[in-house]
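A.B. asks: I need the structure of the sequence given here:
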Amino acid sequence: MTTTAQIAKQKAINCPQWFFDNVVKFPALQWQLEGFDVVMDLRRDKPKYNKAKKPRLTIRSCHGTGKTQFLAMLMHLWNFTTYGQIACTAPKQQQLTKRLLPRYRGVMRNALPSYKEMINVLGREINIGCDKDWGASLETATDPESLAGYHDKPQLFLIDEASGKKLDPMYPTIEGALTTAGSCVVEIGNPTRLDGEFYKHHNDKSCKGLYYRMHIKPSDAPELISQQWLADMATKYGTQSPIYKIRALGEFAAFDDYVLINLEHFEDAIDADMEPDGSHPHLRISVDVADGGADATVITAAIHYETFVHILKQKSFHFNPSEAIIDAAETAIRMFEGFDGRKNFDDFVVDSTGVGAGTAGYLMKKGYNVIRHVGGETSDHPDLYRNRRVQNYITLEKYFREGRIKIDEEGIDDIEKLRAHLSSIKRNMANQKVDDIQTKEQMKSDGLESPDYGDSLAEQFIDKASNDEIDLSAYGAIAQVQSVNYG
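C.D. replies: All right, here's what the predicted structure looks like:
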């Protein structure tokens with residue numbers, strides 16, 4: 001006898017839109033429906049899209065199309081139609097716990113009560129009907145063995161931010177799961193790398209035929225991506241720039257050899273899995289001061305450990321020109337106090353060119369430790385760097401390349417602008433004597449914005465080139481008797 005549950009299950013397999021309209025009551029975009037159909041085609045006698053019934057789906061996408069939302073919705077659909085476990089992975093824990101899980105909960109917010117009552121979210125585990133063998137597990141890409149042992153029939157592997165290099169070693173384990181009939185691997189991400197498994201699945205002749213491939217463009221998600229945003233991206237970076245092709249079009253693109261900071265290294269730094277290393281933490285607030293014109297005053301807060309730098313917060317401000325000096329200082333002080341900064345221990349770095357000199361002086365009169373930064377002054381190593389600003393950026397690049405930076409994405413008020421500003425910094429190859437980068441004047445003549453976000457971040461590294469292993473021994477006695485709580 002066919003039960004109501006069996007009928008509903010078959011309806012969801014045949015028409016995922018019915019499931020999202022009538023069970024979870026959460027709207028799906030057209031491209032998402034195609035992805036759901038590709039997966040459900042594995043269960044259909046007459047496939048709709050995935051005619052060859054390929055058990056691998058790879059999706060490259062531009063920014064802001066609802067990628068993680070798609071995975072959260074697919075989790076609901078798969079568990080509704082299939083008994084067993086889903087294994088979800090991503091390069092970083094935050095991508096699972098702070099993005100995927102909240103979206104999973106959001107999908108079922110308006111669902112039928114009888115459906116919601118079946119679902120229990122317990123940390124990084126989801127149980128359906130209190131059955132530990134039915135639901136989903138979330139495992140970060142730290143160890144291939146963490147994804148071993150999933151042998152339900154069939155099983156689903158979901159991979160978010162699939163271009164991350166940490167995921168590459170996981171693929172042999174994941175591929176092993178496909179020996180179970182009906183199993184499926186779904187990966188989705190931005191095309192940020194020109195190597196690795198995700199790139200090969202879209203471009204390598206030896207393996208791309210194994211995947212059903214999708215490319216999600218802005219026109220596929222008009223509900224989420226505004227034409228104004230696209231126009232702004234084109235104006236700021238040019239339609240031929242790699243940052244525009246990757247972020248706005250979802251295309252694989254190569255950065256030219258002159259770009260200083262590799263976008264891949266920046267992506268690795270976002271919410272990187274780093275913990276305090278036992279050294280005495282040192283809070284620094286860097287202030288890149290604008291005169292109140294078109295450029296912004298950008299303030300960055302970071303904790304400096306012996307082995308890495310943790311970027312906590314970055315925020316931009318547009319102050320009235322007549323009040324910019326004091327407003328910048330007072331705003332920086334509030335950020336300093338918000339992270340429990342200590343006057344006799346922690347410090348400020350202030351861009352002291354132009355009006356910034358007044359901001360630095362104001363902070364010094366208040367009794368704070370201030371490092372005056374003048375980008376055009378002689379560097380610590382004039383035989384290596386053209387000036388102080390170049391030294392800062394070259395050192396920043398080294399820290400990114402060595403994986404010694406962690407960025408709290410939630411603390412950055414415009415992560416896209418920070419990403420773009422850093423990507424716009426280019427080496428000046430005409431200078432053959434020392435390391436050099438293009439000046440801000442050269443960038444503006446090329447139609448680029450002043451890289452205020454990048455400059456504020458780079459100023460955090462003003463003293464790192466001459467003392468790469470951060471020496472805080474002078475502060476040791478103070479640190480031992482003071483409580484440190486950076487929130």
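A.B. asks: going forward, measure contacts between C-alpha atoms and count neighbours the same way
C.D. replies: Noted.
A.B. asks: who does Lys315 bridge with?
C.D. replies: As for beta bridges, Lys315 partners with Ile299 under DSSP bridges.
A.B. asks: count of neighbours near it?
C.D. replies: 17 (other Cα atoms under 10 Å).
A.B. asks: show me what contacts it?
C.D. replies: Lys315 is in contact with 298-300, 412-414, counting by Cα atoms under 8 Å, 6 or more residues apart in numbering.
A.B. asks: Neighbour count for those residues - can I get that in CSV?
C.D. replies: As requested, the contacts of Lys315 are arranged in CSV below (neighbours: other Cα atoms under 10 Å):
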residue, neighbour count
Val298, 23
Ile299, 27
Thr300, 29
Ile412, 20
Asp413, 13
Asp414, 14
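A.B. asks: Low-confidence ranges, this protein, go.
C.D. replies: In the predicted model of the chain, residues 1-2, 142-153, 292-294, 432, 465-487 satisfy pLDDT under 70.
A.B. asks: need the strands for it, in chain order.
C.D. replies: Along the chain, counting by DSSP state E, strands occupy 56-61, 85-89, 119-122, 125-128, 131-138, 156-159, 184-189, 212-216, 282-288, 297-304, 309-317, 347-351, 370-373, 405-407.
A.B. asks: if we compare the ones you listed, which one ends up closest to Arg105?
C.D. replies: Nearest to Arg105, of all the strands of the chain, is strand 119-122, at 8.5 Å by Cα to Cα.
A.B. asks: how about the closest one: buried residues?
C.D. replies: Ile119 (16 or more other Cα atoms under 10 Å).
A.B. asks: do stretch 45-54 as well
C.D. replies: Within stretch 45-54, the residues that count as buried by 16+ other Cα under 10 Å are 47, 49-50, 53-54.
A.B. asks: in the stretch 1-150 of the chain, which spans are helices?
C.D. replies: Taking DSSP state H, counting those that start in this stretch as the test, the helices found in the stretch 1-150 of the chain are 4-14, 16-22, 30-40, 67-81, 93-94, 101-107, 113-116.
A.B. asks: Let me have these in a markdown table, adding mean neighbour count and distance to Gly129 as columns.
C.D. replies: As requested, the helices of the stretch 1-150 of the chain are exported to a markdown table (neighbours: other Cα atoms under 10 Å; distance: least, Cα to Cα, whole Å):
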| stretch | mean neighbour count | distance to Gly129 |
| --- | --- | --- |
| helix 4-14 | 16 | 14 |
| helix 16-22 | 18 | 18 |
| helix 30-40 | 21 | 22 |
| helix 67-81 | 22 | 11 |
| helix 93-94 | 18 | 26 |
| helix 101-107 | 18 | 16 |
| helix 113-116 | 13 | 10 |
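A.B. asks: mind putting these in a markdown table, distance to Asp435 included?
C.D. replies: Converted to a markdown table, the helices of the stretch 1-150 of the chain look like this (distance: least, Cα to Cα, whole Å):
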| stretch | distance to Asp435 |
| --- | --- |
| helix 4-14 | 59 |
| helix 16-22 | 56 |
| helix 30-40 | 46 |
| helix 67-81 | 40 |
| helix 93-94 | 36 |
| helix 101-107 | 45 |
| helix 113-116 | 59 |
